[in-house]
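>>> When you get a sec, could you give me coordinates for this:
(2 chains)
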Amino acid sequence: QKEVEQDPGPLSVPEGAIVSLNCTYSNSAFQYFMWYRQYSRKGPELLMYTYSSGNKEDGRFTAQVDKSSKYISLFIRDSQPSDSATYLCAMSGATGFQKLVFGTGTRLLVSP
Amino acid sequence: GAGVSQTPSNKVTEKGKYVELRCDPISGHTALYWYRQSLGQGPEFLIYFQGTGAADDSGLPNDRFFAVRPEGSVSTLKIQRTERGDSAVYLCASSRAISETQYFGPGTRLLVL
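All right, here's what the predicted structure looks like:
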């Protein structure tokens, strides 16, 4: 079993929809939780990160971490066609961002 | 400013050959990371450098893989006796310091025939 599980999708939604992307994990040592966006044939781009539990909001994006359930989420409000990409969750231990452990990524398609 | 650059962007080689993949980190970034991303998968950690030294190479799959960063800037990932299973996108990332966020390059797509 992988340390980080993520549904690969694809997830297809109409423009303007609220999108929910999720990951579960098994390693209780993870303390940093990140969401990356990856466009086709590009490197991953950091969207936001959270330390330990709680919520964090940045514009149309909200990240949630529930350490008791070992479950993290990324919500995208008012989704746009330009949000179409693969979304990767990533995690690391208390020492910081080195040696990230990624999920498989969820492919999101937002249709106009 | 300039981001992480990787060369070549694509590399096709034959089974058994030797390949070198290069990464130029963001100027001033002391930490450098290599990941491998197979089709339909997330990136998998290979190795990271703090300065010139490999701080953690626990992700290198076997002794055919080796990486160097002799002057603490540019890094080269070297793969000997390539196998078809080595085909993947090799991603490089850098950060201003360990424990700071990583910025990824576009990757080198390696295809071993």
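
>>> As PDB, could you dump the C-alpha coordinates of the helix or strand bottoming out on mean pLDDT in chain B?
The weakest-scoring helix or strand in chain B, judged by mean pLDDT, DSSP states H and E, is strand B:53-56 (a mean of 89). The C-alpha trace of strand B:53-56 is given here as PDB (Å, rounded to 0.1, in the frame of the first residue of the first chain):
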ATOM      1  CA  GLY B  53      27.100  16.900  -0.700                       C
ATOM      2  CA  ALA B  54      24.300  14.400  -1.100                       C
ATOM      3  CA  ALA B  55      22.300  14.700   2.100                       C
ATOM      4  CA  ASP B  56      20.000  11.800   1.300                       C
END
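
>>> That strand: partners in the sheet, and parallel or antiparallel?
Sheet partners assigned to strand B:53-56 using DSSP bridges are listed as strand B:44-50 (antiparallel).

>>> tell me how far the strand it pairs with is from the chain's mean position?
8 Å (Cα atoms, centre = their mean, to the nearest Å).

>>> what's in contact with it?
Strand B:44-50 is contacted by residues A:98-102, B:30-38, B:54-61, B:65, B:67, B:69, B:72, B:75, B:77, B:98 when judged by Cβ atoms under 8 Å, 6 or more residues apart in numbering or on different chains. Where C-beta positions appear, they are placed from N, C-alpha and C, glycine not excepted.

>>> got the CA positions of that strand in PDB?
This file holds the C-alpha atoms of strand B:44-50, laid out as PDB (Å, rounded to 0.1, in the frame of the first residue of the first chain):
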ATOM      1  CA  GLU B  44       9.200   9.800  -6.500                       C
ATOM      2  CA  PHE B  45      12.100  11.200  -4.500                       C
ATOM      3  CA  LEU B  46      15.600  10.100  -5.700                       C
ATOM      4  CA  ILE B  47      18.200  12.200  -4.000                       C
ATOM      5  CA  TYR B  48      18.800  15.700  -2.500                       C
ATOM      6  CA  PHE B  49      21.900  17.800  -2.100                       C
ATOM      7  CA  GLN B  50      22.700  20.500   0.400                       C
END
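
>>> in the helix or strand harbouring residue B:67, what counts as buried?
Assessed by DSSP states H and E, residue B:67 sits inside strand B:65-68. Buried residues in strand B:65-68, counting neighbours by 16 or more other Cβ atoms under 10 Å in any protein chain shown, are found at B:65, B:67.

>>> Tabulate the CA atom coordinates of that strand in PDB.
The C-alpha trace of strand B:65-68 is given here as PDB (Å, rounded to 0.1, in the frame of the first residue of the first chain):
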ATOM      1  CA  PHE B  65      22.000   5.700 -10.700                       C
ATOM      2  CA  PHE B  66      24.400   8.400  -9.400                       C
ATOM      3  CA  ALA B  67      24.200  12.100  -9.100                       C
ATOM      4  CA  VAL B  68      26.800  14.800  -8.500                       C
END
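
>>> which stretches of chain B have low pLDDT?
The model of chain B has pLDDT under 70 over residues B:1.

>>> which residue is nearest the centroid of it?
Here the mean C-alpha position of chain B is nearest to the C-alpha of residue B:34 (Cα atoms, centre = their mean), at a distance of 3.6 Å.

>>> Phi first, then psi, for that one.
Dihedral pair for residue B:34: phi -120, psi 140, per degrees, to the nearest 10.

>>> so it touches residue B:65, yeah?
No - look at residue B:34 against residue B:65 with Cβ atoms under 8 Å: they stay out of range, at 9.0 Å.

>>> list the residues that contact both of the two?
With Cβ under 8 Å, 6+ apart as the test, residue B:34 and residue B:65 both reach B:46, B:77.
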